[in-house]
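Q: return a 3D structure for these sequence lines:
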Amino acid sequence: MHRTLRAAGAFAVLGALALTASDTALAQEVRAHGEGPPGVDIAAFQACVPRMMALSEETLAQARQIADIMDRLAATEADPEKNRAERAALRDLLLKYRERKTEVVTLMDAALRTPPPEEEDLEILRRLRDTELVGISWNQTKFIDCLRDIARAVGVRFVMHPDVLKNNTVEVTIPRAAADGVLRNMCTGFDCDWYVHNGEIVVIKTIKRNDKRLQKFLDEHPGWKYWKVKEKVEVEDNL
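A: Numbers count the residues shown, from 1 in each chain. Sure thing, here's the model as predicted:
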């Protein structure tokens, strides 16, 4: 039995531009992550492997340096001059770290044949806020089909993480509401989060069971620092 999301009443009116999710609107893509052909450029991937390995080592070293600076920031809170110097060093390091990570994404986009985004992420967020959905009526409608209605009205693409149950059903009537409010409330009801990245709206599960276990471990071990190499414990030889 599919889990059903029921909403009492309509969502608040938040939008400014009236658009209906009609069949006359331009159909937009809604797909589950991993569906369709792999589309991997093997030659491009093999060509970027050496650089990827170098970037991996460099960014790991930078991550450790960032963690060390964070420790020093906490230790210099009483000394404004030293604290300011540490903050400046942190900013420079974060900028370099971001540059390397951006290069990683560029390399992977070439290997995965990822098309460039058709528009800026901020433009998608603005349109979600300003687009008003009128006359929405979902009766045992699959989650993925609800996203298709929003996609057509707003003119965006959705990607669903494999953990999101796309066949969950929705039962709700919305006379008038902003697209971002509808999306936010619907995702909350199914324990999902959404964010805009690279010209697409990505829908993911809010938290997994193993994430909760990891968080519990971190709560019980607040001093654990994953980036630090464990000290070797000398074992006495009884012979």
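Q: show me where pLDDT drops low in the chain?
A: For the chain, the stretches with pLDDT under 70 are 1-29, 31-38, 208-210, 226-230, 232-239.
Q: center of it - which residue?
A: Geometric centre of the chain, nearest residue: Tyr195, 5.3 Å, by C-alpha atoms, centre = their mean.
Q: are we agreed that it is in a strand?
A: Yes - using DSSP: H, G, I helix; E, B strand; the rest coil, the secondary structure at Tyr195 is a strand.
Q: so who does it touch?
A: Tyr195 makes contact with 201-202, 204 under the criterion C-beta atoms under 8 Å, 6 or more residues apart in numbering. For the C-beta atoms, the positions are set from N, CA and C on the backbone; glycine is no exception.
Q: again with Leu218
A: Trp224.
Q: what do you get for Thr76?
A: 82-83, 86.
Q: show me what the residue nearest to the centre of the chain is bridged to.
A: For Tyr195, the beta-bridge partners are Val202 (DSSP bridges).
Q: and it, how far from Asp92?
A: 27 Å (C-beta to C-beta, to the nearest Å).
Q: next one: Val156
A: From Val156 over to Asp92 the distance is 36 Å, taken as C-beta to C-beta.
Q: roughly how far does Met53 sit from Arg64?
A: Met53 is 17 Å from Arg64, where distance means C-beta to C-beta.
Q: compare neighbour counts for those two and give me the winner.
A: Arg64 (15 against 10; other C-beta atoms under 10 Å).
Q: A strand includes that one, no?
A: No - counting by three-state DSSP, one finds Arg64 to be helix, located in no strand.
Q: picking up where we left off before, Val156 and Asp92 - which one has more neighbours?
A: Neighbours per residue, other C-beta under 10 Å: of Val156 and Asp92, the larger number sits with Val156, 25 against 10.
Q: surely the more buried one meets Val203?
A: No - Val156 is beyond contact range of Val203, at 11.7 Å (criterion: C-beta atoms under 8 Å).
Q: what helix or strand does Arg84 sit in?
A: For Arg84, the enclosing helix or strand under DSSP states H and E is helix 80-112.
Q: that helix: how far from the chain's middle?
A: Centroid displacement of helix 80-112 relative to its chain, using C-alpha atoms, centre = their mean, to the nearest Å, is 19 Å.
Q: following it, which helix or strand comes up?
A: Under the assignment DSSP H and E, the closest C-terminal helix or strand after helix 80-112 is helix 121-130.
Q: list the buried residues for that next one?
A: By neighbour count on 16 or more other C-beta atoms under 10 Å, the buried set for helix 121-130 is 124, 127-130.
Q: so which elements touch the next helix or strand after it?
A: Sequence order places strand 131-142 as the next helix or strand after helix 121-130, per DSSP H and E. Where contact means 3 or more C-beta pairs under 8 Å, 6 or more residues apart in numbering; DSSP states H and E, strand 131-142 is packed against strand 17-19, helix 143-154, strand 169-178, helix 179-189.
Q: for these, which one sits closest to Ser137?
A: Closest of the helices and strands packed on strand 131-142 to Ser137 is strand 169-178, at 4.9 Å (criterion: C-beta to C-beta).
Q: got the angle for that closest one vs helix 143-154?
A: For strand 169-178 against helix 143-154, the angle by axes from the mean of the first three to the mean of the last three C-alpha atoms, to 10 degrees is 20 degrees.
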